[in-house]
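*Asks:* sequence first, predicted coordinates after that:
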Amino acid sequence: MPDSSPPPAAFDLRLVWCFTVVAEYRHFGRAAEALHTTQPSLSRQIHRLERQLGARLFERTPHGNHLTEAGEVFLPLATELLRSADRAAARARAAARPSRITIGYTPGLIITPVVRELRHRHPDAEVRTLHLAPGEPRAALLDRRVDAVVARLPFTADGLDVTALYDEPRVLVVPRDHRLAGKEAVTLDDIADEPLPTVRGSDPLLNAFWRIDPRPDGRPAPEGPLIESTEDKFELVAAGQAVIISVDVHAHSLRPDLTTIPLEGVEPSHVVLATRARDHNGLVTAFRTYARALLTGLAPTGPASAPPSRSVE
């Protein structure tokens, strides 16, 4: 059935703007000067708006023009109406002619093929990249520091569109003289008592994922040293004070006194593309398309096939 509701009020936004200027000056003559029009013309425009509203907006007195009760009610709404119209126009222009995009990425992830493709296909666009800490993707998107992020889960996805790209197997990082070094693979049972460090102030979701805490049987992961930065964990591992769980790495990107062992029976790391929900920026849509085409092929089939330039998380 057709919608029988009445159409929205067809305000001429210029009339609304004239009203807000008169309300600011409380004087038709000074408002007309500010609007670069004549006082009679401005009076006619205000009368026209009042007829549309069915209410008087000003009390005209020898001492100036004062808002009526209806005018007082209408003023903040009129101001917000003009602001909303400006925002709507700006977003429409951005969607029709996107000219700028900032792409975030977290440690160890490669976005170069997609960025190059975007720049090639949109030579007039300004394409920027921004390195983010592992716990930053959601905040960076909602704060509009970036428009798209390639990152590893987990992070809270409320208000975001998330596109899966590929998975990375998780591995155990140990010193080369560790009792497990050289094994073909290990399980969580093999490291049931191995301490795992925690980075001070790290995202709880990320911390739980990389420590696998709790374990599948509900037990908490063994507590390890509390450290100040992710760089500290490699020194702890090399010193034999802890082990860490990470993504697969190529031999030349890991320090020589450490080695990795495939960790079986655990969920892999999921690499995704995240954007703001309902973002109609054409460059964001294009980046998503190219990322699906160019990054999904990075999914490793095993420890030996991991991309050479991928590094430890």
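*Replies:* Okay, I see it. Note that the coordinates shown come from a computational prediction; the quantities given were computed from them, not determined experimentally.

*Asks:* excluding sequence neighbours, find me the nearest residue to Val174.
*Replies:* In space, and not counting its chain neighbours, Val174 is closest to Val243: 5.1 Å by CB to CB, 6 or more residues apart in numbering. For glycine as for every other residue, the C-beta is placed from the backbone atoms N, C-alpha and C.

*Asks:* confidence score at that neighbour?
*Replies:* As predicted, Val243 sits at a pLDDT of 90.

*Asks:* in stretch 256-266, what counts as buried?
*Replies:* Neighbour-count burial for stretch 256-266, counted by 16 or more other CB atoms under 10 Å, picks out Leu258, Thr259, Thr260, Ile261, Pro262, Leu263, Val266.

*Asks:* dump the residue contacts of the residue nearest to Val174.
*Replies:* For Val243, the contacting residues are Leu172, Val173, Val174, His178, Ile191, Glu194, Pro195, Leu196, Val237, by CB atoms under 8 Å, 6 or more residues apart in numbering.

*Asks:* wait, isn't the fifth one in contact with Val173?
*Replies:* Meaning Ile191. No - counting by CB atoms under 8 Å, Ile191 stays clear of Val173, with 11.1 Å between them.

*Asks:* so where is the chain shaky, pLDDT-wise?
*Replies:* Scanning the chain with the threshold set as pLDDT under 70 gives 1-10, 93-98, 249-252, 297-313.

*Asks:* can I assume Thr259 sits in a strand?
*Replies:* Yes - counting by DSSP: H, G, I helix; E, B strand; the rest coil, Thr259 is found in a strand.

*Asks:* re earlier: so which of the buried residues of stretch 256-266 comes closest to Arg288?
*Replies:* Val266 (28.7 Å; CB to CB).

*Asks:* state the helix or strand in which that closest one lies.
*Replies:* In the assignment (DSSP states H and E), Val266 maps to no helix and no strand.

*Asks:* do the same with Ala151
*Replies:* Going by DSSP H and E, Ala151 is in strand 148-152.

*Asks:* buried set for the next helix or strand after that strand?
*Replies:* Counting by DSSP H and E, the next helix or strand C-terminal to strand 148-152 is strand 160-168. By 16+ other CB under 10 Å, the buried positions in strand 160-168 come out as Leu160, Asp161, Val162, Thr163, Leu165, Asp167, Glu168.

*Asks:* now do stretch 279-293
*Replies:* Neighbour count says stretch 279-293 has Asp279, Asn281, Gly282, Leu283, Val284, Ala286, Phe287, Arg288, Tyr290, Ala291 buried, by 16+ other CB under 10 Å.

*Asks:* same question for stretch 167-177.
*Replies:* Asp167, Glu168, Pro169, Arg170, Val171, Leu172, Val173, Val174, Pro175.

*Asks:* quick one: end-to-end length of that stretch, please.
*Replies:* The first and last residues of stretch 167-177 sit 29 Å apart, counting by CA to CA, to the nearest Å.

*Asks:* sorry, back to before: could the buried residues of strand 160-168 go into JSON lines alongside distance to Trp17?
*Replies:* Converted to JSON lines, these look like this (distance: CB to CB, whole Å):
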{"residue": "Leu160", "distance to Trp17": "36"}
{"residue": "Asp161", "distance to Trp17": "36"}
{"residue": "Val162", "distance to Trp17": "41"}
{"residue": "Thr163", "distance to Trp17": "42"}
{"residue": "Leu165", "distance to Trp17": "47"}
{"residue": "Asp167", "distance to Trp17": "54"}
{"residue": "Glu168", "distance to Trp17": "55"}
